[in-house]
Structures are given as C-alpha cells and as structure tokens.
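1. Take a look and give me a structure for this.
(chains A and B)
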2 protein chains.
Amino acid sequence: MKSVQIGILGFGTVGSGVVKLIQENRALLEQRLGGQVVIRRIADTDIQRRRNVDVDQTILTTDAMAVLEDPKIDIIVELIGGYDVALRFCREALARNKHLVTANKALLSTHGLELYRTAAARRVSIGFEASVCGGIPLIRAMKEGLVADRVRSIVGIVNGTCNYILTTMTDSRRPFAEVLAEAQAHGYAEANPSLDVDGIDSAHKLQILATLAFGAYVPLDRIHVEGIRQIDASDIEYARELGYRIKLLAIAKQLNGELEARVHPALIPEDDLLASVGGVHNAVYVVGDAVGSLMFYGRGAGQMPTASAVVSDIVEIARGLLHDPSARGVPPPQISEAEAEVKEMATVRSCYYLRIMAIDKPGVLSRVTGILGSNNISIVSVIQKGRHEQSAVPIVILTHEAVEGDMQRSLRAIDQLDVVSEKTVCLRVEGVTD
Amino acid sequence: MKSVQIGILGFGTVGSGVVKLIQENRALLEQRLGGQVVIRRIADTDIQRRRNVDVDQTILTTDAMAVLEDPKIDIIVELIGGYDVALRFCREALARNKHLVTANKALLSTHGLELYRTAAARRVSIGFEASVCGGIPLIRAMKEGLVADRVRSIVGIVNGTCNYILTTMTDSRRPFAEVLAEAQAHGYAEANPSLDVDGIDSAHKLQILATLAFGAYVPLDRIHVEGIRQIDASDIEYARELGYRIKLLAIAKQLNGELEARVHPALIPEDDLLASVGGVHNAVYVVGDAVGSLMFYGRGAGQMPTASAVVSDIVEIARGLLHDPSARGVPPPQISEAEAEVKEMATVRSCYYLRIMAIDKPGVLSRVTGILGSNNISIVSVIQKGRHEQSAVPIVILTHEAVEGDMQRSLRAIDQLDVVSEKTVCLRVEGVTD
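-> Sure, this is the predicted structure:
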C-alpha cells in the first residue's frame, strides 16, 4: 500500500491526540485515503514523559532538525505552539519544500502572511484547519464551500474559555472572579488567563478568518480588542431583563468596501442562535452574498476535536501526494498584495448598552442624557435600578446606532460628572445575525 | 486566461441562479480559480421565457443532447430535477467522461449508487453539494472535514417547508391545515405538498448523507418515514408545557455496528440548539468519534443558496482541470460493496410522547397504563388535560426508553379500547444531541 510519511513536532496534548487518532482510525483512514499515513518521527523536548498513547520509542527524538531534515518525510505537523521556535521550524519545513500542517493560531495571526507566501512560492500545501475553532471545519467551508460567495460578515464565539465563564455567570448569577477561579480549577482556563479573557486569542482567530474571507491580510494590531473582565454580574442580569445575553464576539464585516474587525463583549438578542451557544462551545456565523447566513457550531478546542482537524489536513495533502504528486493538496490562501484597509474603531457604528453608576438625586439623568444628546447619540430606553438616596445606583441605557468616537467622547464626559461614582460600563449591542 | 467550459441542463430557478452568480461574481471567481468558468450551452424545453438574467440567446438550446455531445464541454450541470429525464442525461454525461454536478436529491437517493460507481469507474468527478441542504457545505464537511472521524450520528432538520409549518404552528398556535394553506399561498409549500410534509424529501436527503457518512449504500426504502400531517396544535402546546418543541427530524445513527435510519417528527428539549432553528432554515448535527458534535445551520433551499453550492462544486472540479488535468476534482463517495444493514424499525429504541383521547371515567388510566406495562413500557409522566364527564379528554403520557415494536403493539391495543375515541398520537422524544 502506498504511504505518506509525516513528522510531528510537539508531542503534547494535541500531538498525542493526533497519534491516537491515526492509530485508532487506521483502517478507516486507509480506506478513505487509499493509502497509509505513517508517523515517521516525533520530536519533543521531553520524550520521557508518558502519554496516553503507545508509540515505538525509536521514532521519538529531541532533535527537531533531524525530523525537518529527514528526506523521507513529506509533511511536517507543527504542534509546538507559541512564536519563535515554531516559526523557525515552520520556515525550515517550507525551505525544504515540505508540506506543512499547523494548529498554531498565534503564529499564523502574526507571521501568516510570510508563511502563506513562502508556501505559495514553493508550491507546497499549508493546512491550518485546526488553528481556528478546533474541529469545526470552518477554514475549509470558507475556502471551498463559500468559494462562489463574496463574504459579507463573520460573527462568532471563538473562545471557549470566555464562553464558559459568561455562560456560567449567566446561569449561576455569580461574579467574574469567582467563575474564573472555578474555570482555572477545572482546567478550562489557564493560570494566566489573559490570552483568553482579554480577547487576544479571539483576535488571533479573527485575523486568520478575516484574512481568508476577504482575501487581504488583516494586520493583527488593526483589530480592536476588548475582553470580558469588566463585565459585572449585574450587567448580565440587566441584559437578560432587556431580552439579551452577553457573549464575547469576534466580528469582521465588509460594507461598502470598508472592513471592520473587532473583538469585544456584546449584547445579543436572546432568540439569536448564538445566545443559545453555551459552555465551552464555539459558533460562527458566516454571511455570503449568495448563500446567506450559515452557522457552524462545535467544540472549539480540546485534544481530539483539534486532532480531528489536524488529521483532516494531513489526509487532504496526502490525497494529492498519493494519487497525483503534482496536486497541491491544500493551497495557501490567496491574499492580495495590499493589506486590508481596516476602519478606525472611532468610525464604527453600533448600538450601545451603558451602565452608569450615579448618585440618586434630581437632575442627574438630565445631565447624562444631555451629554449623549450633544454627541448625536439618541436613546432607546433608560432604566434606573433601585433607589438609595445620596448613594450610587445604576442607570441602564440602551442607545440607537451611534458612532464609536461620539460614544467614547460622551463616556469621558459622563465619567467626569461629580455625581458619577465609577467608570461607566459600555457594551455594544449586536443585531440578530439572520 | 485558462477556462473551463460548462453546459447547464435545466434553466429554471436554480439554473438562472447559477448563471446569475457566475456573472455577478465573475471577477472574484476568476481570482479564486485562476481561470474562467465559461457557460457554453444551456438546454431547457422552454428557451423563450424571460429569466432574471441576461444570456446570449445563441447559447440556449432545446436539445440537451447537443450540450451533452459538445466535445468542448468539460462539466455538465444537471438542474432539471426529477427522475427519468435527469437520469438519462446524467448517464449520457458520465458515458462521455464528462464531470457531473447535480442538485438532484430525488435522483441521487434512488440512483446514486449507479452514478457514483460509474463516475468512479470513469475517473470523473461528481459534485452534489447542492443536493442536501442548499448552500450549507455539509457534503464537503462530511467528505473532508470529518475524514479522520468515524461518524456516530446525523440528526437534523433538513426540510425547510416542514420547519416553516411547525415553527408557525408553534408561534401562532394555529392548526396544520391552516398553516399549510398559508405556506402554499406564500410559495413555501408546493400545491401538492406530499413530498415535503410526508417526510419523503427529508428521506432523500438522509439517504445521501447517511450513505456518505457510513460509507455503505443505505437503500431509500429501508428508511422509516413519517410526516407531520397528524400533528395537532394541541400536541405542540402539550410539548411546550413539558419543555419540548416538535420538529421533523432526519436521523441516522450507528451504534454497535447497527445502523438506524429514520425520518419522523420528534419532541426535542427546548434548550437544544435545534429547537431554536426556526422558519425555513435547516440545521444538522453530525457527531464524530474524535470531533464530537458539530452543527451546521443555514438556508436549506432557495435560488441563490442552492446556486452557491452548485458553483462551489463547479469551481472545485475546475481547479483540478485547470491546474492539473489528472486531478480528480470531486471524487465520488467511497461506498462498500455490501449495502448498509439498516435495523428494522420495530427494534429501534426510543422515548415516546402519547396523546390518548379517552372518555373521562374512572379506571381508564389504569387500563391504558396496564397495556403499556404489559408491553415493557414504563412511564415518566401522565397528565390528564381537562375534565368533561363522559366525553373524550386527552391523556398525555411520556415514557422511558422502549422498543418500537412494543409501542406499536400497545398502540393497537389502546386504540381498540371502547373508551378511546380516536387514533392515539405517538411521537418520539429525542434526547439532547450534545
């Protein structure tokens, strides 16, 4: 039987998942591929630690270069993560005309352009289905399923940790810090949770998706990013009373030739499908001009879902190699020479939810609404929660669509009022996506 | 610029959508494909009628064979629908080693095996993304995204007409006949609605999906099919009170080497994502052994969503033809020699909802529950709705998991009781899919 030889760099959680999946579904893969996927070498800095898979010890090495330089290896699978070392090895792989499969979203969102272009120039494949939303075949849908469509927008929940925290806060009415600590105890959040809860991981994924969808490189630093730390249990409660749920969204939209790219928490209508996406799940809407709204849902992380995506890329490349050596397998994304023009956040239009903590005395509301009005922001509803004479009570405001710059100017003025006791919470409200 | 020549058979709604999409997104398609898709001929019995697209009149013909025999045409796109004529033309196309794209689910669900095998033998592509759930890239996800996974189950809402009717019945609390008439007036249902409301169209799609997912041909007549005509507004109301929604589901599951394939209305928990899928939308869960539960959602029909899927297949085949003439484009599904062994419906296990219309007098409940108990069916809850001495009132029962054959035997006995005034409504209850 014909075979394709792969070398794996990084024998951690995902690496062992990939080995396990190739072993367990060997017969199925052979039947579907019409050939074998042979794991020829695995490199890791630690080759002593026991994993939940059995491998022939002689294929393990601490020398990644030995794997990269092995002329028998057709496909390098980079599962190290992070930036410097992974980047070096990806460059080495492409320089040797080896096909590359990677799950490394941090790397692709910062050095993707270089890697895509190198792969294109060398006519080798680069598979990265696993880099965004684990096992959900979103990259493939974008490249193939939607090939006839002009993508209008991408709106999704792409970080499982944040969605777990927000879902748990919503269901149990408990504060952020307490739920985060619990998530850390359960292994759903890292000891240093910043990458997740500050929205950075979501921005990485959005960078990859938007670049693919719009065919122009979206620089990571042009994506506006806010996390979920400032969200109070009371915001979730008021949002619920108003008929909304709060989710961390990654949003990229193209409208009249202008591109918006942003990650921030948002209120979404409770009857939108995204509102029902709970726990660690991910879900992404993609709107195409012909196909309309599609939504993709599943586990966005985890050992086996991620391994499933990695192996799907390996098989796609292997199909080309086995049945037709000149086939390109997974061609790199087509990206225009010019970078995408991303709109300044200050010019983006949105509806807003505000929670202003103000001393409960006559005239306060008029001063607050006066500031909004003078900045061209009109109001949908105002609810003052509770009454505590001379102490701060929340004023919850929903606005019509307004310009971000006007809102930021209003917030600075509102927070300087002597009657306002703490920084105002400002969240965007996103409409129903379909 | 290199080009691929296509011939379209059938210039109806989908046909004009395909032409429109190729025209409108021409620049985008050329950029993504690195070549042109040229519509060389279009055949239809009526070439006088005006469509919502402009085409060079000289490419229109009433002679389909002239298109099939044109040696310059690489890809035949069959959009006629139905059985006999479409089958003949698909055979003619494959016999001439032309690649085939079809949106014809009725044809594939009955003659797919022959067409897949012929295409495989002749090493030509057969693309049928548009045959199931319009623009949702479900076929592609199954063939490529889930290539590393053993599929455990498929559970979905695959008929937009039924979902529109059930959603409207649920929201407006109106009866089936009234909502169906309205759907017909709006063009959401055919004058002869049987294909949709009797579950036949859903069975066609399930046949295609299950054959692909499990790699063995599932004969259409082995799929158990029930439609939605018997569902009363009161059933929807009682289901709601119990925390469920009623949806028409297409279900295929592989468990311990045994395959279940069935289409029927079912109660699903209101917090399941499928319960929130409203209107004409489709949504399908696919559970893989590694990837876990995925869900795909979108418009399952309509001119442009279907055209989007058709063109995605054309582009995929064209990529192979333009860049590498030996590439196979969209390989036919791999299907084992032996047909799938589909479980007898009588042996399938399920939980049930029953609505028994019985005269309200002492001892009735004991006779009904006695019949269920003697058939090994145990009860979760019984609610007797209303009291009308000596007239029929509904008794609503939810059961634990039971065997279908036992349930059918019980129903025959219950409906023969002198106190039971009409045929008992029996619906299955499906668990949360994730």
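2. Might you report the residue contacts of the residue nearest to residue A:103 when sequence neighbours are not counted?
-> Sequence neighbours aside, residue A:130 is the residue nearest to residue A:103 in space, at 3.6 Å (criterion: C-beta to C-beta, 6 or more residues apart in numbering or on different chains). (C-beta placed from N, C-alpha, C; glycine too.) Each residue near residue A:130 by C-beta atoms under 8 Å, 6 or more residues apart in numbering or on different chains is listed here: A:14, A:101, A:102, A:103, A:306, A:307, A:309, A:310, A:313.
3. ok so the first one is a strand residue?
-> Which is residue A:14. No. Applying DSSP: H, G, I helix; E, B strand; the rest coil, one finds residue A:14 to be helix, outside a strand.
4. Surely it touches residue A:303?
-> Yes. Between residue A:14 and residue A:303 a contact is recorded at 6.3 Å, counting by C-beta atoms under 8 Å.
5. and these two? which has more neighbours close in?
-> Set side by side, residue A:14 and residue A:303 show more neighbours around residue A:14, with 27 against 19, by other C-beta atoms under 10 Å in any protein chain shown.
6. So for that one, what's the pLDDT?
-> On the pLDDT scale, residue A:14 is placed at 96.
7. returning to that earlier point: I'd like the distance between the residue nearest to residue A:103 and residue A:162.
-> To residue A:162, residue A:130 is 19 Å away according to C-beta to C-beta, to the nearest Å.
8. Can you tell me the closest non-neighbouring residue to residue A:219?
-> Nearest non-adjacent residue to residue A:219, counting by C-beta to C-beta, 6+ apart: residue A:339, 6.1 Å away.
9. and if you look at residue A:302?
-> In space, and not counting its chain neighbours, residue A:302 is closest to residue A:134: 6.2 Å by C-beta to C-beta, 6+ apart.
10. any chance you could map the strands in the stretch 51-200 of chain A?
-> For the stretch 51-200 of chain A, the strands defined by DSSP state E, counting those that start in this stretch occupy A:60-61, A:75-78, A:99-102, A:126-127, A:151-157.
11. could you dump these to CSV with mean pLDDT and mean neighbour count?
-> Listed next are the strands of the stretch 51-200 of chain A as CSV, based on pLDDT from 0 to 100; neighbours: other C-beta atoms under 10 Å in any protein chain shown:
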stretch, mean pLDDT, mean neighbour count
strand A:60-61, 97, 16
strand A:75-78, 98, 26
strand A:99-102, 98, 28
strand A:126-127, 96, 26
strand A:151-157, 97, 24
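12. Show me the longest helix that occurs in chain A.
-> helix A:303-323 (DSSP state H).
13. who are the neighbours of that helix, in terms of helices and strands?
-> Under the contact definition 3 or more C-beta pairs under 8 Å, 6 or more residues apart in numbering or on different chains; DSSP states H and E, helix A:303-323 sits against strand A:3-9, helix A:13-24, helix A:26-33, strand A:36-43, strand A:75-78, strand A:99-102, strand A:126-127.
14. Residue A:422 is nearest to which of the ones you listed?
-> In terms of C-beta to C-beta, the element of the helices and strands packed on helix A:303-323 nearest to residue A:422 is helix A:13-24, at 40.7 Å.
15. Does the closest one reach chain B?
-> Yes. On the criterion C-beta under 8 Å from any C-beta of the partner chain, helix A:13-24 is in touch with chain B at A:17, A:21, A:24.
16. Buried only: go through those for me.
-> Using 16 or more other C-beta atoms under 10 Å in any protein chain shown as the burial test, those include A:17, A:21, A:24 as buried.
17. residue ranges with poor pLDDT in chain A?
-> A:324-329, A:432-434 (pLDDT under 70).
18. Now do the residue located most distally from the centre of it against residue A:271, distance only.
-> Distance from the centre of chain A peaks at residue A:362, with 45.1 Å (C-alpha atoms, centre = their mean). Using C-beta to C-beta, one gets 38 Å for the distance from residue A:362 to residue A:271.
19. The residue nearest to residue A:302 touches residue A:306, doesn't it?
-> Yes. Residue A:134 is within contact range of residue A:306, at 4.7 Å (criterion: C-beta under 8 Å).
20. who's in contact with the residue nearest to residue A:430 when sequence neighbours are not counted?
-> Among residues not flanking residue A:430 along the chain, residue A:266 sits closest, at 4.5 Å (C-beta to C-beta, 6+ apart). For residue A:266, the contact set (C-beta under 8 Å, 6+ apart) comprises A:246, A:247, A:248, A:249, A:251, A:427, A:428, A:429, A:430.
21. Just want the angle from the longest helix of chain A to helix A:26-33.
-> Inter-element angle recorded for helix A:303-323 and helix A:26-33: 40 degrees (by axes from the mean of the first three to the mean of the last three C-alpha atoms, to 10 degrees).
22. can you dump the C-alpha coordinates of the helix or strand just after helix A:303-323 into PDB?
-> Scanning forward in sequence from helix A:303-323 by DSSP states H and E, the next helix or strand is strand A:349-359. Below are the C-alpha coordinates for strand A:349-359, written out as PDB (Å, rounded to 0.1, in the frame of the first residue of the first chain):
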ATOM      1  CA  ARG A 349     -21.300  52.400  14.100                       C
ATOM      2  CA  SER A 350     -23.000  50.400  16.800                       C
ATOM      3  CA  CYS A 351     -25.900  50.400  19.300                       C
ATOM      4  CA  TYR A 352     -24.800  50.500  22.900                       C
ATOM      5  CA  TYR A 353     -25.700  49.400  26.500                       C
ATOM      6  CA  LEU A 354     -24.400  51.700  29.200                       C
ATOM      7  CA  ARG A 355     -24.500  51.100  33.000                       C
ATOM      8  CA  ILE A 356     -23.700  54.400  34.700                       C
ATOM      9  CA  MET A 357     -23.300  54.400  38.500                       C
ATOM     10  CA  ALA A 358     -24.600  57.800  39.600                       C
ATOM     11  CA  ILE A 359     -25.800  59.400  42.900                       C
END
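23. ok, and for strand A:349-359, which residues are buried?
-> Buried residues in strand A:349-359, counted by 16+ other C-beta under 10 Å: A:350, A:351, A:352, A:353, A:354, A:355, A:356, A:357, A:358, A:359.
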